[in-house]
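> Need a 3D model of the sequence below.
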Amino acid sequence: MAAAADIPNPSESAILHPNIHRARPPKAISAKGCYITLEDGRQIFEASAGPAVAAIGHGNQEVTEAVVAQMNQISYCFALNYANDCAEELAREVIASTNGDMARATIMSSGSEAVEAAMKLAVKFFVEKGLPSKTKFVARRGAFHGTTLGSMALTGKVSFRKPFEPLIKEDMVSFVSLPNMYRGILEGETAAAYVTRLADELDAEFERLGPENVCAFVAETVSGSALGCHPAPPGYFQAIRSVCDKHSALLILDEVFCGMGRSGSHHAWQQESVVPDIQTVAKGVAGGYVPISMLLAHRRIVDAIDRGSGLWNHGHTFSSHPVACAAGLAVQRIVRRDGLVENARRMGERLGRGLEAALVGHPHVGNVRGRGLMWAVEFVRNKETKEPFPPDDGVAARIRDVGMSSPWDICFHPGSGHEDGVSGDHVTIVPAYTITEDQVDLIVEKLTGVVVEVLGSF
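I've put the predicted structure just below:
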């Protein structure tokens, strides 16, 4: 029996929160549309949607009914022993959104799981091709791909990796530069020249590692909240695809954050004139109604396994969970029926224009960037030199905290460490696809007010 001292005080949280020194986050009581109601009665506008999760907003009755109907039919069956209609229909729905460019799906519970599965599938592909030495990966510095050991190995963000590096297999992953049109491009360098330089860097890294050892290059098509919504310059992914093809390596695109409509198209790679060999999606699949993620595989990956062992020896207890798939299927059908990807594109254009008009003149706003309905604002101490604020200033977290206080009552997702793994502050603005013009304008107005309160006037 537990000692009295081991039983949590009712006034303290029993959850091991990511930051146990920080006061317990405010408690959410209910949610509807773009608003979350707190225990003190305030309604917080979710400008971050999770981040980037609540794609169709909260409290959609159609999704609730689909989940209840599935639970009344069958709540769980183990995917190794049984198939279920919702999993099959969801896979067909998402594959159809690729216009047939992807062939099969594996359904899991989290983005980290999907990225780890993508790594395993890449290695498996080359084993089936009789090339078992191709086991190394190349990823991009600063990127975030997940918190399991495999996905963390791909993560180039120092603060996430460092405590756990002894658990990561040495030399499994190497890193190249992220395309960063704010900090990475040289003065006087054209976008085309920058793309060539980045492609040459990747090519040199393949040569250094030995092409016979590298199975895949892994990248977010548009970076997520960890780096603050960096879109690649035109032609970047076409150049990267050519380098991968030259060295017989796969292209894995992580669209856990930017996929499923967030970027203004069903899949962000559809705007890049490339098709990945393996893709991951998660946040927008079921819009946060249940945990779910997916791995999508190109036909040539499926064919290699089919012509070889026929075995994709991967799975989880909750793979193809019927209730999760029912929610995902309902969300995807709503997104398609209601034209929400197109709305995300149009409202994203309005949001980007509004943020740029309102904030680029502020002395501590270094950059406004994004694509579709995913935008970030980067804050700097010195605008001319792009010097970031000291990490101890906690600028992004302060903007989040002030935003969630009255009279603002709005949530922006804070990010830090994008400059060197430690320094660098930004917030991401990634609302629901259902957002209206008035709500977009409200976000711009409130963020401008919060920035002035935290960092001073123009």
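> Confidence-wise, which helix or strand of this protein is lowest on average?
Least confident helix or strand, the chain: helix 158-161 with a mean of 77, by mean pLDDT, DSSP states H and E.
> Return the set of buried residues in it.
160-161 (16 or more other C-beta atoms under 10 Å). (Each C-beta comes from the backbone N, C-alpha and C, glycine too.)
> Check which helices and strands the very next helix or strand once past it sits against.
Using DSSP states H and E, the next helix or strand after helix 158-161 towards the C-terminus is strand 173-176. Helices and strands in packing contact with strand 173-176 are listed as strand 136-140, helix 191-209; criterion 3 or more C-beta pairs under 8 Å, 6 or more residues apart in numbering; DSSP states H and E.
> angle of the longest one against strand 136-140?
Compare the direction of helix 191-209 with that of strand 136-140 by axes from the mean of the first three to the mean of the last three C-alpha atoms, to 10 degrees and you get 150 degrees.
> by how many degrees do whichever helix or strand comes after helix 191-209 and helix 191-209 diverge?
Once the chain leaves helix 191-209, the next helix or strand it forms, by DSSP H and E, is strand 214-220. For strand 214-220 against helix 191-209, the angle by the same axes, to 10 degrees is 150 degrees.
> Return the list of strands paired to strand 214-220, each annotated with direction.
Within its sheet, strand 214-220 is paired with strand 136-140 (parallel), strand 250-255 (parallel), according to DSSP bridges.
> After that strand, which helix or strand is next?
Where DSSP H and E defines the elements, the next helix or strand beyond strand 214-220 is helix 236-246.
> so for that next one, what's the average pLDDT?
On average, the pLDDT along helix 236-246 is 98.
> who touches that helix?
179, 195-196, 198-199, 202-203, 206, 216-217, 219, 221, 250-251, 269, 272-274 (C-beta atoms under 8 Å, 6 or more residues apart in numbering).
> Could I get the buried residue list for the strand or helix carrying Val454?
Val454 is located in helix 437-455, with elements delineated by DSSP H and E. For helix 437-455, the neighbour count (16+ other C-beta under 10 Å) marks 439-440, 442-444, 446-451, 454-455 as buried.
> starting at the chain centroid, how far to stretch 191-202?
Put simply, stretch 191-202 sits 24 Å off its chain's centre (C-alpha atoms, centre = their mean, to the nearest Å).
> for it, which positions count as buried?
Here stretch 191-202 shows 194-195, 197-199, 202 as buried, counting by 16+ other C-beta under 10 Å.
> Share the number of residues neighbouring Gly228, please.
Gly228 has 27 neighbouring residues, counting by other C-beta atoms under 10 Å.
> where does the residue lying closest to it once chain neighbours are set aside land on pLDDT?
Nearest residue to Gly228, sequence neighbours excluded (C-beta to C-beta, 6 or more residues apart in numbering): Ala376, at 3.4 Å. According to the prediction, Ala376 has pLDDT 98.
> Is Ala376 in a helix, a strand, or coil?
strand (DSSP: H, G, I helix; E, B strand; the rest coil).
> I'd like the numbering to begin with 262 instead of 1 from here.
Sure, I'll start counting at 262 from here, so that last one is Ala637.
> Report the separation between it and Asp654.
As judged by C-beta to C-beta, to the nearest Å, Ala637 and Asp654 stand 18 Å apart.
> same deal with Phe421?
20 Å.
> Thr408 too?
For Thr408, the distance to Asp654 - C-beta to C-beta - is 26 Å.
> How about Gly682?
Distance, Gly682 to Asp654, by C-beta to C-beta: 17 Å.
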